[in-house]
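Participant: Structure for the following, please:
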Amino acid sequence: CPTCLDKMFGFSLMLTAAVLAAQSHATCDMSGTWSVQDDGYLAKRLFPAVDLGNGNFNLTMDIRHGPQTVPGHVFPNNTVKVTFSSTQTYYGNFTPNCTTILWSDSSFGNYWCRSWGMGCVSPPPPYGQGFSFSSTFGSNMVLQRQPAQAAAYGIVVGGSKIEVTIIGEGDNYTLPAKINATHSPHGPDNVTVGVGGGPPPGVFPGPYTTWKVLFSPTRAGGNYTIIARCLDCPQDPMWNTINITNVTFGDVWHCSGQSNMWLPVSHSFSRNDTIDGILHQNKYRNIRIMAGDSANGVSNPWMTALQAATQLSNLKQPDLFSFSAACWYFAQGLTDEFVAGKDEVVPLGMADTAIGGQRIEEYMNNRTIRVCSDRAGENSPVWNGQLFGKMIMPFVDTTIKGWVWYQGENNMGATKGNSIVNVGYGCEQRELVREWRAIWSSTPNTTDPLAPFGVVTLASSGSEGGPDMGAMRMAQTANYGVLPNEAMPNTFLAQAFDLDDPWGPAAGPCFAQSKGEQWLCCQFQGAGGPKTTQNMTQCNMYTHNHPEICDPACAAADDTPVAMGAIHPRDKKPVGDRLARAAYNTVYGGKASYTGPTLAGCSVDSNKLTIAFNQSLLRGDDIVVQFYNASLNLSNFEVQINASNFCSEPLHVNASNRSSPVYCPTWAGGSGKPTDVDYDGGWIPLNITTGPAGSVVADLTPLNGAIPTAVRYAWGVVSCCDPTDPLLYVSKPCKPGSCPIMASSGLPANPFLARITDGKCSCLPPQVC
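Facilitator: Reported below is the predicted structural model:
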């Protein structure tokens, strides 16, 4: 087949991570048309594009036909050109039997291609490796420790007799694999096959045969090798044995959500401290991650913390810097809790499947979505669970400890609702937890049916212009105001309403717009950072010839670039720390508080409104009212004096028309009928102090004798620092955790809203106060 390349028509290429043995001779068809490329060569574009599995390549392929020349280059017959991300190009030649490609660059020698297609009679599948572990597996990974049974699984093409051996720590045994025991077969559209190779999506018509084993419950730690053998696969025997090495047992956590869970460590202020801790203080080496951009979460390679801190990605930074900051800092904070509590520091395996700009519905099965309506009588928008198949299903056969969820920004424009009537986000949050638990635990003795589930509430910058941020945070708890609760048992919560970016919107006025002004004092670089031009004339004008006042803000922005604006706060370590504290004191048996002050009730007496907090949840913590500017009423504590103004979430009769009449649903505290009432009005700020027996007292004197009819705290878009301070976001940041009502442990009060009837608080069901 000396001119095979000329004769190929409509071909695909499959890249595998090993040299493929030459198989039988291919005979080719002469049909097909070549197109003229911009550089004058005749070429065929090969499709589909193939992901090599490490998430770094956007692959395009041309087969170039010579002997035409371009100055400095000669493309002979049977030449293939492969371009990665428009920056790296490799050339090769088909071998005489037309089955493989020899690459001209030895650094690309790992990858050989086999071709087949409509016009060429080639050996039947599998081509190369049709037997592999799932892409969610890899060397250096963590499997779930006892008492659960960890799983291993993958695909096989043409075989049905698989055995799996685990070796290490004296626990050596072999198990027969069950065939097609995974939740769904690996079809071409929902799985990227990983370790050991296997067909990429779209190459072979799915579904594929799957294999799966469950290991005996195994204690934490150890160093294991897992070997899988296909005893009856038709391919070359050299591909019938695959393995993963340096595997350990511990707790596996699955992180997911949208862009604030996606935000990589590179955009966090604490990243260099973390690297120093790993490299020079021997800290956090119990943590292992699926390193890389979580948008490629099903195929990112597993790495130890040390590997992730030392190996450089194609961005010339440690691989750790591409991993989710919130997910990493949860693991880091949990490790710190283990150490502080003198507990066993167990290995932690962290996988992340967050993708920016996604709604909660995309992570749900369509059947589950239909449980909830967007508002009474109206089904939720059909988002088709687009990410459920792509990002969740590949993991559901993995035994895990639990999940952490950080999402909601893209649902801010929709109804926040109430779980008690199966409406809106409040229903969807509850149902997502139930659904994930059900599918992950459907195989007995694997993931616990009530496995822990952590949630992060939205920072105020996460509204994306949507209304009723307070209602969203309440919906994130299924409308109970705190986690865990009856609808979401064995869950935990990290409040983030007081964790906006310390340097403010778009990192502050020194280089961004502030009240219509552009100071333009900063000059810095950084991928994803704001693009500005320093203008010292303008800077001197706005700083009154003291440009040095902007040095702290400029340094912060230069050191840690902003990612797509203030919607992505860069101080993710406090988020991880709060998650870790909550998990440690619920999941891992810690005795300290896991949530901040939580409304229990209130009473009106003369000119005082006393707020009582749930003492059992405080677990011995005291109530603290931090300093705030009382002269400006910056307490974030407000009351209403007109009962008709009360509504937790006003809605428009026509959801797509903001000028249509407004009503307050019955589940939000209203009549459900259109009205002219200004539900967002009538809130009066009050100053507060610490009261007796773990309470907070508000001074009602400014009401001039009026009786409060409702109360709320930290509801909606919250600002905890003094906006009149001219140096805020210029020379000094807004310190995270600056809102007034706190527990002595440092946890913020959970935001609350309640009616006041006959001098007592009454919360909207299902919340009780």
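Participant: my guess is Gln307 is in a helix, correct?
Facilitator: Yes: judged by DSSP: H, G, I helix; E, B strand; the rest coil, Gln307 forms part of a helix.
Participant: Hmm, it is touching Pro318, no?
Facilitator: No: the pair Gln307 and Pro318 fails to qualify as a contact (CB atoms under 8 Å) at a distance of 9.4 Å. Placement of C-beta: from N, CA and C, glycine included.
Participant: More neighbours: those two, which one.
Facilitator: Pro318 (24 against 19; other CB atoms under 10 Å).
Participant: okay, now the residue lying closest to that one once chain neighbours are set aside: neighbour count?
Facilitator: Once its chain neighbours are removed from consideration, Pro318 has its nearest residue in Ala309; the separation is 5.3 Å (CB to CB, 6 or more residues apart in numbering). The number of residues packed around Ala309, counting by other CB under 10 Å, is 20.
Participant: cool, the one 10 residues further on as well?
Facilitator: Other residues lying near Asp319 total 22 when counted by other CB under 10 Å.
Participant: Can you report phi and psi for it?
Facilitator: Note on Asp319: its backbone torsions stand at phi -60, psi -30 [degrees, to the nearest 10].
Participant: Contacts only, for it.
Facilitator: By CB atoms under 8 Å, 6 or more residues apart in numbering, the contact set of Asp319 is Ala291, Gly292, Met303, Gln307, Ala308, Gln311, Leu312, Ser313.
Participant: circling back to that earlier point, check contacts around the residue nearest to Pro318.
Facilitator: Applying CB under 8 Å, 6+ apart to Ala309 gives the contacts Thr274, Ile275, Ile278, Leu279, Pro318, Leu320.
Participant: rerun at 6 Å
Facilitator: Residues in contact with Ala309 (CB atoms under 6 Å, 6 or more residues apart in numbering) are Ile275, Ile278, Leu279, Pro318, Leu320.
Participant: Just the buried ones out of these, please.
Facilitator: For the contacts of Ala309, burial is judged from neighbour counts taken by 16 or more other CB atoms under 10 Å, and it is met by Ile275, Ile278, Pro318, Leu320.
Participant: mind checking which helix or strand the first one is in?
Facilitator: The secondary structure element spanning Ile275 is helix 271-280 (assigned by DSSP states H and E).
Participant: Can you give me the buried ones in that helix?
Facilitator: For helix 271-280, using 16+ other CB under 10 Å, the buried residues are Arg271, Thr274, Ile275, Gly277, Ile278.
Participant: excluding its backbone neighbours, what's nearest the third one?
Facilitator: Ranked by CB to CB, 6+ apart and with sequence neighbours excluded, the top spatial neighbour of Ile275 is Ala309, at 5.3 Å.
Participant: if I look at the one you found, how far off is Ser266?
Facilitator: When CB to CB, to the nearest Å is applied, the distance between Ala309 and Ser266 equals 13 Å.
Participant: For the stretch 301-450 of the chain, just list every one of the strands.
Facilitator: 302-304, 348-352, 373-375, 378-379, 402-406 (DSSP state E, counting those that start in this stretch).
Participant: worst average pLDDT in those?
Facilitator: Of all the strands of the stretch 301-450 of the chain, the minimum mean pLDDT falls on strand 378-379 (a mean of 48).
Participant: show me where pLDDT drops low in the stretch 401-550 of the chain?
Facilitator: Low-confidence regions of the stretch 401-550 of the chain, defined by pLDDT under 70, span residues 505-507, 511-517, 524-533.
Participant: Quick check: Phe492 touching Tyr584?
Facilitator: No: with the criterion set as CB atoms under 6 Å, Phe492 and Tyr584 do not qualify as a contacting pair; they are 9.3 Å apart.
Participant: Can I have the buried ones of the contacts of Asp319 as a ChimeraX selection?
Facilitator: Selection command for ChimeraX covering only the buried members of the contacts of Asp319, criterion 16+ other CB under 10 Å:
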select :291,292,303,307,308,313
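Participant: in stretch 673-683, what's buried?
Facilitator: Going through stretch 673-683 with 16+ other CB under 10 Å, the ones that come out buried are Thr675, Val677, Tyr679, Gly682.
Participant: Quick check: end-to-end length of it?
Facilitator: According to CA to CA, to the nearest Å, stretch 673-683 extends 22 Å from its N-terminal end residue to its C-terminal end residue.
Participant: Let me see the mean pLDDT of it.
Facilitator: Regarding stretch 673-683, the rounded mean pLDDT is 87.
Participant: Can you tell me how far Leu348 is from Ala331?
Facilitator: Using CB to CB, Leu348 is found at 5 Å from Ala331.
Participant: Compare the two (neighbour count), which wins?
Facilitator: Summary of the neighbour comparison: Leu348 and Ala331, criterion other CB under 10 Å, with Ala331 having more neighbours (27 against 23).
Participant: So that one sits against Pro347, correct?
Facilitator: No: with contact defined as CB under 6 Å, Ala331 does not count as touching Pro347 (10.1 Å).
Participant: Check which residues of stretch 629-640 are buried.
Facilitator: For stretch 629-640, the buried set under the neighbour-count rule, 16+ other CB under 10 Å, comprises Leu634, Ser635, Asn636, Phe637, Glu638, Val639, Gln640.
Participant: nope, stretch 290-307 is what I meant
Facilitator: Counting neighbours by 16+ other CB under 10 Å, one finds that the buried residues in stretch 290-307 are 290-294, 296-307.
Participant: neighbouring contacts of that stretch?
Facilitator: By CB under 6 Å, 6+ apart, stretch 290-307 touches 53, 55, 135-136, 138, 140-141, 192, 194, 262, 278, 284-285, 287-288, 308, 319, 322-324, 351-355, 394.
Participant: Tell me which of these fall in helices.
Facilitator: Judged by DSSP state H, the contacts of stretch 290-307 include Trp262, Ile278, Ala308 as members of helices.
Participant: now those residues as TSV including distance to Ala177?
Facilitator: Supplementary listing: the ones in helices among the contacts of stretch 290-307 in TSV, determined by distance: CB to CB, whole Å:
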residue	distance to Ala177
Trp262	34
Ile278	36
Ala308	31
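Participant: and which of those is nearest Pro237?
Facilitator: When these are compared for distance to Pro237 (CB to CB), Ala308 wins out at 35.0 Å.
Participant: Neighbours of Asp571, how many?
Facilitator: Asp571 sits with 22 neighbouring residues when counted by other CB under 10 Å.
Participant: wait, what's in contact with it?
Facilitator: By CB under 6 Å, 6+ apart, the residues touching Asp571 are Phe269, Pro502, Pro736.
Participant: right, and the second one touches Pro733 too?
Facilitator: Yes: under the criterion of CB under 6 Å, Pro502 lies in contact with Pro733, with a separation of 3.4 Å.
Participant: where exactly do the strands run in the stretch 501-650 of the chain?
Facilitator: Listed in chain order, the strands of the stretch 501-650 of the chain (DSSP E, counting those that start in this stretch) span 513-514, 517-518, 599-605, 608-613, 623-625, 637-640.
Participant: which residue packs closest to the residue nearest the centre of the chain, ignoring adjacent ones?
Facilitator: Here the mean C-alpha position of the chain is nearest to the C-alpha of Ala354 (CA atoms, centre = their mean), at a distance of 2.8 Å. On the basis of CB to CB, 6+ apart, the spatially nearest residue to Ala354 that is not a chain neighbour turns out to be Met261, at 3.6 Å.
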